[in-house]
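**Student:** task: produce atomic coordinates for the following.
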Amino acid sequence: MKNKQKFGKYLYIVYIVINALFAWQVVKLNSLPTKYLLGLLTGLILVALALYFGLVKTKRKFAFNFSKVLAVIISLALLFGTFYISKFGSFLGGISGSEEKIDTVSIIVRKDSSYKTLDDIKDLVIGYEDDNETIVQSAIADFNSKAGKNLNLKEVASYEELARQLYDGELEAIILNEAYRNFIRDDYPEFDEDTRVISEFVEKTIIDRNNVNVSKDVFSVMISGIDVYGSISNNSRSDVNILAVVNPSTKKIVLVSIPRDYYLPLACRGNAMDKLTHTGIYGVDCTMDTVGTLFGVDIDYYARVNFSSLINVVNAVGGVTVYNDQTFSAGSYSFPAGENYLDGTKALVFVRDRKHQSDGDSGRGRNQVKVLSAIINKMASPALITNFSSILGSLEGSFQTNLTTGEINSLVKMQLNDMSGWDIIQEQVSGTGTSAHSYALGGNYYMMVPDMSSVNRVKEIINANK
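**Tutor:** Numbers count the residues shown, from 1 in each chain. A predicted model of the protein is given here:
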């Protein structure tokens, strides 16, 4: 009898420690609405009291054995919950509150070369193209310092020419502003696999942010879809551009898809004209300011998404169903007109296709908004709970925002409070194709001149959502 009582006390102490650890993690996370938090803590206290009498005070064998089994089951459940709450907290800390943009400049050699370090190539001719960007000059100064001498540099007219000379052996090494890597990939799809970085210069810049009560006030988010080398914080072309205007009081979101080729004055370059996708080269803040000027909106936040990870995100929420406007085939898939269920792989093909869309890039942008809307609706449903771990894993390393952890928790609390759906209004602006000068590339390229009637129509919709 004494051994049973002693075991009961030890088991109860272990249970209380696990119980307290779980409660501390829940309170620390601060994502539960007050009514749920109080209900949970009250339930934990009542169960602890019941187990106290069942494990420590009772002399009945059945009550003791039942309490013992119950304590073990609940302890395991609480340990499981503590792990995932801690994981969610770490995830939020990793993706949120980012106020930095990162410029990276690399020295690159062919992968099949014998060069491994900066010392190996410091006496060679190294190609570069600075595009009048101070970041490249800062990097050269840093490389000179690391090499202990001024490098022998050869200026080349363009990054495409820089890559050609590297491939042809005219240059053994080149200096590349990583924001321009995608331009090289356009001509040399295997560039990443064919080359190797032997030295890097990294510069971090703070991005100013607004402070908004996201659970009450209307706020806007610039969603920038990128495909970057290295950290998702790195500047790179913004291939997907969606402005989200969120009204938490009415539970309405206006999602505006903006064509990547939209010909606009770059707010960060003295209103020099270029296509919207090139704003990403200069940082997400340049994209925010340029789009904000177009629609007359002071954009509060940004969310950078690596759309290559879309497969994992869609699979994590259990797939999505979208309405397809026109029948088309892309890759190895067919997409009939009407409702289409998409797993991750099909969703990526669906959002990337523009060749088979009757309106080209505009159709692609429209499909991107449809998939994003479907993902939002899934995450605002019980699927968020049932697929919680998978969703976190799919977003890790591929999503970044300057929304703080506290602001995200406020949105989570608000959603858990009623679990109601969101009314998502999908809009798109249009334009006319032409050839015009690109500030970033220094030549004439395809551009889309904005149709201001479509822009003004979207402005009215955005203002009506405030």
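**Student:** model confidence score at Thr287, please.
**Tutor:** pLDDT for Thr287: 95.
**Student:** also Arg352?
**Tutor:** So, for Arg352, pLDDT stands at 84.
**Student:** list the contacts for it?
**Tutor:** The contact partners of Arg352, by CB atoms under 8 Å, 6 or more residues apart in numbering, come to Ala330, Arg364. To be clear about C-beta, it is placed using only N, CA and C from the backbone, and glycine gets the same treatment.
**Student:** how far away is it from Asp186?
**Tutor:** Using CB to CB, to the nearest Å, we find Arg352 at a distance of 15 Å from Asp186.
**Student:** what are the ranges of the helices in the stretch 1-150 of the chain?
**Tutor:** Taking DSSP state H, counting those that start in this stretch as the criterion, the stretch 1-150 of the chain carries its helices at 2-29, 34-52, 61-95, 118-121, 134-147.
**Student:** out of these, which is closest to Asn456?
**Tutor:** helix 61-95 (34.7 Å; CB to CB).
**Student:** now the closest one against helix 34-52, angle please.
**Tutor:** 150 degrees (axes from the mean of the first three to the mean of the last three CA atoms, to 10 degrees).
**Student:** for helix 61-95, which positions count as buried?
**Tutor:** 64, 67-68, 70-71, 74-75, 78, 82, 85, 88-89, 91-92, 94-95 (16 or more other CB atoms under 10 Å).
**Student:** again, but for stretch 212-227
**Tutor:** Neighbour counts over stretch 212-227 (16+ other CB under 10 Å) mark Val212, Val214, Ser215, Val218, Phe219, Ser220, Val221, Met222, Ile223, Ser224, Gly225, Ile226 as buried.
**Student:** please flag which of those residues sit within strands.
**Tutor:** Phe219, Ser220, Val221, Met222, Ile223, Ser224, Gly225, Ile226 (DSSP state E).
**Student:** report the lowest-confidence entry in these.
**Tutor:** On pLDDT alone, Ile226 ranks lowest of those, at 79.
**Student:** so who does it touch?
**Tutor:** Contacts of Ile226 by CB under 8 Å, 6+ apart are Ile232, Ser236, Arg237, Ser238, Asp239, Val240, Gly280, Arg304, Val305, Asn306, Phe307.
**Student:** if you set the cut-off to 6 Å instead, what comes out?
**Tutor:** Taking CB atoms under 6 Å, 6 or more residues apart in numbering as the contact definition, Ile226 lies against Ser236, Ser238.
**Student:** pairing-wise in the sheet, spell out the partners of it.
**Tutor:** Asn306 (DSSP bridges).
**Student:** got any ranges where the stretch 301-450 of the chain has weak pLDDT?
**Tutor:** By pLDDT under 70, the low-scoring segments of the stretch 301-450 of the chain are 307-308, 380-390, 392-397.
**Student:** make it 80
**Tutor:** By pLDDT under 80, the low-scoring segments of the stretch 301-450 of the chain are 306-310, 379-399, 418-421.
**Student:** okay, helices next: where are they in it?
**Tutor:** Going by DSSP H, counting those that start in this stretch, the stretch 301-450 of the chain shows helices at 310-316, 344-352, 361-379, 383-386, 388-395, 405-418.
**Student:** correct me, but Ser98 touches Leu403?
**Tutor:** No: with contact defined as CB atoms under 6 Å, Ser98 does not count as touching Leu403 (9.0 Å).
**Student:** neighbours around Gly292, how many?
**Tutor:** Neighbourhood size, Gly292 [other CB atoms under 10 Å]: 17.
**Student:** how would you label it: helix, strand or coil?
**Tutor:** Assigned by DSSP: H, G, I helix; E, B strand; the rest coil, the conformation of Gly292 is helix.
**Student:** OK, contacts around it?
**Tutor:** Going by CB under 6 Å, 6+ apart, the list of residues near Gly292 reads Asp298, Ile299.
**Student:** I'd like the distance between it and Lys116.
**Tutor:** Going from Gly292 to Lys116 by CB to CB gives 45 Å.
**Student:** which one is Val349 nearest to, not counting chain neighbours?
**Tutor:** Among residues not flanking Val349 along the chain, Gly331 sits closest, at 4.5 Å (CB to CB, 6 or more residues apart in numbering).
**Student:** can you give me the neighbour number for the one you found?
**Tutor:** Residues near Gly331, counting by other CB under 10 Å, number 12.
**Student:** my read: it touches Leu348, true?
**Tutor:** No: taking CB under 6 Å as the definition, Gly331 is not a contact partner of Leu348, at 9.0 Å.
**Student:** just to check, Val212 is in contact with Val221?
**Tutor:** No: Val212 is beyond contact range of Val221, at 10.4 Å (criterion: CB under 6 Å).
**Student:** what bridges to the most centrally placed residue in the chain?
**Tutor:** By CA atoms, centre = their mean, the chain has its centre lying nearest to Phe399, at 2.2 Å. Beta-bridge partners of Phe399, counted by DSSP bridges, are Val305.
**Student:** measure Thr34 to Ile311 for me?
**Tutor:** As judged by CB to CB, Thr34 and Ile311 stand 38 Å apart.
**Student:** ok, now Glu129?
**Tutor:** 34 Å.
**Student:** one more: Trp422?
**Tutor:** Trp422 sits 24 Å away from Ile311, going by CB to CB.
**Student:** rewinding a little: so which of the helices of the stretch 1-150 of the chain gets nearest Ser362?
**Tutor:** Here helix 61-95 is closest among those (CB to CB), at 30.0 Å.
**Student:** report the distance from that closest one to the chain centre.
**Tutor:** For helix 61-95, the distance from its own C-alpha centre to the chain's C-alpha centre is 30 Å (CA atoms, centre = their mean, to the nearest Å).
**Student:** residues in contact with stretch 216-224?
**Tutor:** 212, 238, 242, 244-247, 284, 287-288, 297, 299-304, 466.
**Student:** ditto for stretch 84-103
**Tutor:** 25, 29, 135, 203-207, 231, 233-235, 283, 392, 399-405, 408.
**Student:** ditto for stretch 432-441
**Tutor:** Under CB under 6 Å, 6+ apart, the answer for stretch 432-441 is Tyr263, Ala272, Asp274, His278, Ile281, Asn444, Tyr445, Met447, Met448, Val449.
**Student:** any chance of a markdown table for the helices of the stretch 301-450 of the chain, columns distance to Glu172?
**Tutor:** Listed next are the helices of the stretch 301-450 of the chain as a markdown table, based on distance: least, CB to CB, whole Å:
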| stretch | distance to Glu172 |
| --- | --- |
| helix 310-316 | 37 |
| helix 344-352 | 35 |
| helix 361-379 | 38 |
| helix 383-386 | 52 |
| helix 388-395 | 40 |
| helix 405-418 | 46 |
